[in-house]
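Novice: Pasting the sequence and the predicted model now:
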Protein chains: 2
Amino acid sequence: MPVKVDEPAPHRFSTGKEVRLACRSGSFRGPTSGHCPSQIQTNLLVIPSRFADDFRGLCKRNPVSCPLIAESLAPGNTGLSRDVAEDVDVRTDAPGYNIYKDGKLYAKDVRDCKEWWAEDSVAFLIGCSFTFEQALVDAGLTPRHQELERNVPMYRTNIPLCPSGIFSGTMVVSMRPYKPEKVDAVRAVTRPYIHTHGEPVAWGPDAVAQLGIADLLNPEFGEAPVLREGEVPVFWGCGVTPQVVVMSSPELIGFSIGHGPGKMLCLDKEIKDILE
Amino acid sequence: MPVKVDEPAPHRFSTGKEVRLACRSGSFRGPTSGHCPSQIQTNLLVIPSRFADDFRGLCKRNPVSCPLIAESLAPGNTGLSRDVAEDVDVRTDAPGYNIYKDGKLYAKDVRDCKEWWAEDSVAFLIGCSFTFEQALVDAGLTPRHQELERNVPMYRTNIPLCPSGIFSGTMVVSMRPYKPEKVDAVRAVTRPYIHTHGEPVAWGPDAVAQLGIADLLNPEFGEAPVLREGEVPVFWGCGVTPQVVVMSSPELIGFSIGHGPGKMLCLDKEIKDILE
């Protein structure tokens, strides 16, 4: 796959609202890493309301991979509370959606999910590691996929989630490569972002085996990584985890909706307001 | 090991305060399962204050095994906030303590930990699964170890915690055996106790392999289990986890203090006030 290092960076949206409107009009369909750098980006999961309590429990029990930021105002309501994002329609405002039927992928990266949204649909917004990437850039630790304008590589792992009601599964992680001597700094920069995955879950030469990742160069989601000489992989919890949960929970009957991996719903809420 | 099924049950304390005073006077040194059934029981970890932020982060990232209920009023202060427990001395009010030096077990099940308490000691109180046992009793699902007046069996697993600063390690679990057809009810009864480990993390015939438990009949903490014909093990997160973390975190230099496994610090706070 050609690496676009010499191309000029495309237009970057400054605010979550700009991203949302561009998605809604269909003019933007790309990954959102690097856009609206002072505002929160989120993963999405939409499920029938009868499963909502179990999913809230899953988030409470697994806050590293599933940090719950917000949810629908009410079942069927496509908006969010005003302090999170104004004038939002969760069915149209992400760059792409994956549709699941009875836990099986049914349609991939569709432009909107209006057709599958139901009266009892509840949308859950899960924190995203893109939220701490500007802090890495500011610290001189720019993530490789931002530098190369690629989607971040994401992997299934063998780390079990703590189950909640009908939901179970294993953790998905995102990966950014760094030199070993930079890992302490990378950990420290991302540690305060506890509501958007926080510090890494594993790093270094043994981490691939430790997480049960089959092939580092072939991620299950996003694009292949580009590691330079001497670099080691550093892995963070990833909000694609709920989509693996959907596929691992046979009692989840009906349509579920996720965002396209790397294609986030961008909010108005400021990152500085959720740091710990 | 003889099973004391025909012996009369010993005196049970009704309140956390009664347990604490009996521990303080040295008249009670036993496991606390079944005592003060309407009040919260907690695991204990005492560490030097310079590591406190990292440990708080560990609790936030791993709330199933390390649900943080309370902590010292200030470094060196042996009390807790009044809504948790009045007139408490965390150095004397549990039935027994384990002492660790530089992450290695240094003294086991000592009567009090005054000798190792320091000016910068901070005590963390972690939720305990004993807190939901009365609900199991009330539902006709009495835990076997309560019935037999034994300590609950506890096991190391291979499930990695999400690391936080200097702290990492693997989850410890407690085990109660049930018939397979009772597992759904057991899960439902314990699910609301999200601040005291909540519902099980694994159950059934495959759970021992899934958790990497070496030998079900030889738990690392507590007493051996008694399974009856057709029963399967059901495993919950366990607040002994921080003591395994102490032993897995080489940067933790100095004295740390834990409770004796199964020998909890009993509080005044009511269980009904922390249900979700």
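Specialist: Great, that's in hand.
Novice: correct me, but A:Gly96 touches A:Met264?
Specialist: No: using CB atoms under 8 Å, A:Gly96 makes no contact with A:Met264, being 10.1 Å away. Using the backbone N, CA and C atoms, a C-beta is placed for each residue, glycine as well.
Novice: who touches A:Arg20 in this structure?
Specialist: A:Arg20 is in contact with A:85, A:88, A:93, A:265-266, counting by CB atoms under 8 Å, 6 or more residues apart in numbering or on different chains.
Novice: If we use 7 Å, what do you get?
Specialist: By CB atoms under 7 Å, 6 or more residues apart in numbering or on different chains, A:Arg20 lies in contact with A:88, A:93, A:266.
Novice: so where does it fall, helix or strand?
Specialist: helix A:16-25 (DSSP states H and E).
Novice: Endpoints of stretch A:22-30, how far apart?
Specialist: Terminal residues of stretch A:22-30 lie 10 Å apart, using CA to CA, to the nearest Å.
Novice: could you give the mean pLDDT of that stretch?
Specialist: Here stretch A:22-30 scores 95 as its mean pLDDT.
Novice: Counting neighbours, which bits of it end up buried?
Specialist: By 16 or more other CB atoms under 10 Å in any protein chain shown, the buried positions in stretch A:22-30 come out as A:22-24, A:28, A:30.
Novice: now stretch A:83-101
Specialist: Using 16+ other CB under 10 Å as the test for burial, stretch A:83-101 gives A:84-85, A:88-100.
Novice: Let me see the contact set for A:Glu119.
Specialist: A:Gly76.
Novice: Apply 10 Å and report the result again.
Specialist: Contact partners of A:Glu119, counting by CB atoms under 10 Å, 6 or more residues apart in numbering or on different chains, are A:48-49, A:75-76.
Novice: Need the overlap of contacts for A:Gly96 and A:Met264.
Specialist: A:23, A:31.
Novice: just for the stretch 1-150 of chain A, where's the confidence low?
Specialist: Flagging of the stretch 1-150 of chain A using pLDDT under 70 yields the residue ranges A:1-10.
Novice: how far out from the middle of the chain is stretch A:163-178?
Specialist: 11 Å (CA atoms, centre = their mean, to the nearest Å).
Novice: Can you give me the end-to-end span of that stretch?
Specialist: Using CA to CA, the two ends of stretch A:163-178 sit 32 Å apart.
Novice: So is it next to chain B?
Specialist: Yes: judged by CB under 10 Å from any CB of the partner chain, stretch A:163-178 comes into contact with chain B through A:163-165, A:168, A:171.
Novice: In these, find the pair that's most separated.
Specialist: Using CB to CB, the pair of these lying farthest apart is A:Gly165 and A:Met171, separated by 18.1 Å.
Novice: out of the two, which sits in the busier spot?
Specialist: Just comparing A:Gly165 and A:Met171: by other CB atoms under 10 Å in any protein chain shown the higher neighbour count belongs to A:Met171, 26 against 18.
Novice: need the residues of chain A near chain B, please.
Specialist: A:53-54, A:56-57, A:60-65, A:67, A:157-165, A:168, A:171, A:187-188, A:191-192, A:194-195, A:197-203, A:210-211, A:236-237, A:276.
Novice: Could you check the pLDDT of A:Ile274?
Specialist: Value for A:Ile274, per-residue pLDDT: 89.
Novice: Spatially nearest residue to it, not counting backbone neighbours?
Specialist: With sequence-adjacent residues excluded and distances taken as CB to CB, 6 or more residues apart in numbering or on different chains, A:Ile274 is closest to A:His195, at 4.6 Å.
Novice: just the helices in the stretch 51-200 of chain A please.
Specialist: For the stretch 51-200 of chain A, the helices defined by DSSP state H, counting those that start in this stretch cover A:52-61, A:133-138, A:144-147, A:183-190.
Novice: between these, which gets nearest to B:Leu217?
Specialist: Of all the helices of the stretch 51-200 of chain A, the one in closest proximity to B:Leu217, counting by CB to CB, is helix A:52-61 (28.6 Å).
Novice: how far out from the middle of the chain is the closest one?
Specialist: 17 Å.
Novice: Check the stretch 151-276 of chain A for the residue nearest chain B and tell me.
Specialist: In the stretch 151-276 of chain A, the residue that lies nearest chain B is A:Cys162 (4.4 Å; CB to the nearest CB).
Novice: What is the burial count for that residue?
Specialist: Around A:Cys162 there are 25 other residues, counting by other CB under 10 Å.
Novice: Give me the phi and psi angles of it.
Specialist: Here is the backbone geometry of A:Cys162 (degrees, to the nearest 10): phi -80, psi 120.
Novice: If I look at it, what pLDDT would I see?
Specialist: On pLDDT, A:Cys162 comes in at 98.
Novice: and A:Gly76, what does it touch?
Specialist: A:49, A:117-122.
Novice: 7 Å instead?
Specialist: Here A:Gly76 is in contact with A:119-121 (CB under 7 Å, 6+ apart).
Novice: what about it, distance to A:Gly254?
Specialist: Distance of A:Gly76 to A:Gly254, computed by CB to CB, to the nearest Å: 14 Å.
Novice: now swap in A:Leu73 and tell me
Specialist: From A:Leu73 across to A:Gly254, the span is 21 Å (CB to CB).
Novice: Likewise for A:Leu275?
Specialist: Remark: distance between A:Leu275 and A:Gly254 (CB to CB) = 37 Å.
Novice: Strands of the stretch 151-276 of chain A, residue ranges please.
Specialist: Under the criterion DSSP state E, counting those that start in this stretch, strands of the stretch 151-276 of chain A are mapped to A:154-160, A:170-178, A:202-203, A:232-237, A:255-259, A:265-270.
Novice: which stretch among those strands comes nearest B:Leu217?
Specialist: Closest to B:Leu217 of the strands of the stretch 151-276 of chain A, according to CB to CB: strand A:154-160, at 23.4 Å.
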